[in-house]
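[1] Provided below for reference: sequence and predicted model.
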There are 2 protein chains.
Amino acid sequence: MDLSSPAAKDDTADDIGIRLKLVRQIFGLTQRELARRAGVTNGAISLIEQNRVSPSVSSLKKILDGIPLSLAEFFTLDFSPSDHVFFQANELTEIARDPDISIRMVGQRTQERVLQMRRETYQPGADTGEAMLRHTGEECGIIVSGSLVVTVGAQERVLHPGDAYSFRSDIPHRFRNPYNEPCMLISANSPPSF
Amino acid sequence: MDLSSPAAKDDTADDIGIRLKLVRQIFGLTQRELARRAGVTNGAISLIEQNRVSPSVSSLKKILDGIPLSLAEFFTLDFSPSDHVFFQANELTEIARDPDISIRMVGQRTQERVLQMRRETYQPGADTGEAMLRHTGEECGIIVSGSLVVTVGAQERVLHPGDAYSFRSDIPHRFRNPYNEPCMLISANSPPSF
DNA sequence: CGCAACTGTTGAAAATCCTAAACATGGATC
DNA sequence: GATCCATGTTTAGGATTTTCAACAGTTGCG
């Protein structure tokens, strides 16, 4: 066979090359490092990733063993849905309803996840209310700027930047900012609560 | 490289050969027929099934396209659980506790399943057709009266009252009653199909 | 800059795979 | 048994992949 165009042999036998390249990069390996681990040459990996050749299953397996990843996992891996790993600050989605409180979460509510990370901002005077919050799971957070009065069960504390909290969410809790400066904190919930 | 023993290159790159052979047989294809559909030679398939060579991914894909089966499905397929397809009447496992009641189940209770049970009657001459049935899910059944010829993949058996079958529905299957007596059976499907 | 250390890419030769065609075996029919 | 037909296996040779080694580009440092 002849390679007329640079992307000849583009019969895309399932984009092995791209798949391999993505996987390798996800695992933070260079062609040479992976080649060393797998016991093949870096040239082979280069050719495969360019779809210039279609590796034998045994070669592919040797390479994947160096990651390590099974053939089944390799072919099953789906990059499309969860490829949204990084979010810019303005990409966080707002989930709070109170105008004095901003709660932005990382990612969409669509995905099933066990962990939800948030950036919360409490304006001066903001208060989650005397009727204490309560739900299942756990949550924790760290104050980034400003100060906040946090009540958890019978305990109440004023938290300043760098301070943190961690408690079971079924213990009644309340956040309020009686100061004249906004308070920003980073928190995490498990499981997610909206 | 030299092939000293007949099973040289037994590094078992995931038993591609055995896998391919099983899949091919399950779908009731000969090496030549599959080769024709896939556009490769029967010799190639023979060599692959003997693990004498490790096919290139592109070749394997071409072959699987002839089945058809995706690479992901091929490598994911698990043969261990469903290889027990036929059960004799006395192989059914009793699951009832009341000594006055006998409840016998087909197979093991290991897997979680969502089943739909049915009572089916096949009049003499009835036949689901040479174009084998194929759909998602699982199904099993027990013959109550009469006899039935059941084909599942490459296996074919005449089942008599008390005998049973159990297989994954994506394996081609066919029911027919070439006898002069109606056949009644109790079957179950998962997920339910109406 | 010069150099070292790293990256991925290439060309020719060695190793491996795939094809084409012949071979061997088993079952069915006469 | 003889023949036909279908099955899977094998062999030689052309096609493809892999290695080995050299190449080119980038980054970091003295």
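    Received it, and whenever you're ready, just let me know what you need.
[2] CA atoms for contacts and neighbours, from now on please.
    Noted.
[3] Quick one: residues in contact with whatever helix or strand residue A:63 lives in.
    Of the helices and strands defined by DSSP states H and E, residue A:63 is found in helix A:57-65. Outside of helix A:57-65, the residues that reach it under the criterion Cα atoms under 8 Å, 6 or more residues apart in numbering or on different chains are A:34-35, A:37-40, A:70-71, A:74, B:13, B:54-57.
[4] Is any residue of that helix near DNA strand D?
    Yes. Against DNA strand D, helix A:57-65 shows contacts by Cα under 7 Å from any atom of the strand at A:59-60.
[5] Okay, buried residues for whichever helix or strand comes after that helix please.
    Moving toward the C-terminus from helix A:57-65, the first helix or strand encountered (DSSP H and E) is helix A:71-76. Judged by neighbour count (16 or more other Cα atoms under 10 Å in any protein chain shown), helix A:71-76 contains these buried residues: A:71-72, A:74-75.
[6] quick revisit: mind putting the contacts of helix A:57-65 into a markdown table with pLDDT?
    As requested, these are arranged in a markdown table below (pLDDT from 0 to 100):
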| residue | pLDDT |
| --- | --- |
| A:34 | 92 |
| A:35 | 92 |
| A:37 | 91 |
| A:38 | 91 |
| A:39 | 92 |
| A:40 | 93 |
| A:70 | 86 |
| A:71 | 89 |
| A:74 | 88 |
| B:13 | 42 |
| B:54 | 93 |
| B:55 | 94 |
| B:56 | 93 |
| B:57 | 93 |
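[7] Drop anything exposed from those.
    For those, burial is judged from neighbour counts taken by 16+ other Cα under 10 Å, and it is met by A:34-35, A:37-38, A:40, A:70-71, A:74, B:13, B:54-57.
[8] what angle sits between the helix holding residue A:63 and helix B:57-65?
    110 degrees (axes from the mean of the first three to the mean of the last three Cα atoms, to 10 degrees).
[9] helix, strand or coil for residue A:120?
    strand (DSSP: H, G, I helix; E, B strand; the rest coil).
[10] got a pLDDT number for the nearest residue to it once chain neighbours are set aside?
    Computed as Cα to Cα, 6 or more residues apart in numbering or on different chains, the closest residue to residue A:120 that is not its neighbour in sequence is residue A:103, at 4.3 Å. Per-residue confidence at residue A:103 stands at 79 (pLDDT).
[11] can you map out the strands along chain A?
    Per DSSP state E, chain A has strands spanning A:93-94, A:101-105, A:116-122, A:138-145, A:148-152, A:155-159, A:164-168, A:173-176, A:183-190. These are given in chain order.
[12] which other helices and strands contact the third one?
    Contacting strand A:116-122 under the criterion 3 or more Cα pairs under 8 Å, 6 or more residues apart in numbering or on different chains; DSSP states H and E are the following elements: strand A:101-105, strand A:183-190.
[13] Output it in CSV, but only the C-alpha positions, please.
    Below are the C-alpha coordinates for strand A:116-122, written out as CSV (Å, rounded to 0.1, in the frame of the first residue of the first chain):
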residue,chain,number,x,y,z
GLN,A,116,-19.3,18.4,44.8
MET,A,117,-16.9,21.3,45.2
ARG,A,118,-18.1,24.9,45.6
ARG,A,119,-17.0,28.5,45.9
GLU,A,120,-19.3,30.3,48.2
THR,A,121,-19.6,34.1,48.8
TYR,A,122,-21.5,35.6,51.7
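[14] Domain parsing of chain A, as residue ranges.
    When chain A is parsed with automatic domain parsing, its domains come out as A:16-83, A:89-190.
[15] that older thread, can you pull the buried residues of the helix holding residue A:63?
    Within helix A:57-65, the residues that count as buried by 16+ other Cα under 10 Å are A:57-65.
[16] want to throw the residues you listed into a markdown table with distance to residue B:145?
    A markdown table is the format used below for those (distance: Cα to Cα, whole Å):
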| residue | distance to residue B:145 |
| --- | --- |
| A:57 | 49 |
| A:58 | 50 |
| A:59 | 54 |
| A:60 | 52 |
| A:61 | 50 |
| A:62 | 54 |
| A:63 | 55 |
| A:64 | 53 |
| A:65 | 53 |
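[17] which one of the residues you listed sits closest to DNA strand D?
    Each of the buried residues of helix A:57-65 was scored against DNA strand D by Cα to the nearest atom of the strand, and residue A:59 proved nearest at 4.5 Å.
[18] tell me the pLDDT at that closest one?
    Note for residue A:59: predicted pLDDT of 93.
[19] Skipping its backbone neighbours, what lies nearest residue A:175 in space?
    Nearest residue to residue A:175, sequence neighbours excluded (Cα to Cα, 6+ apart): residue A:150, at 4.8 Å.
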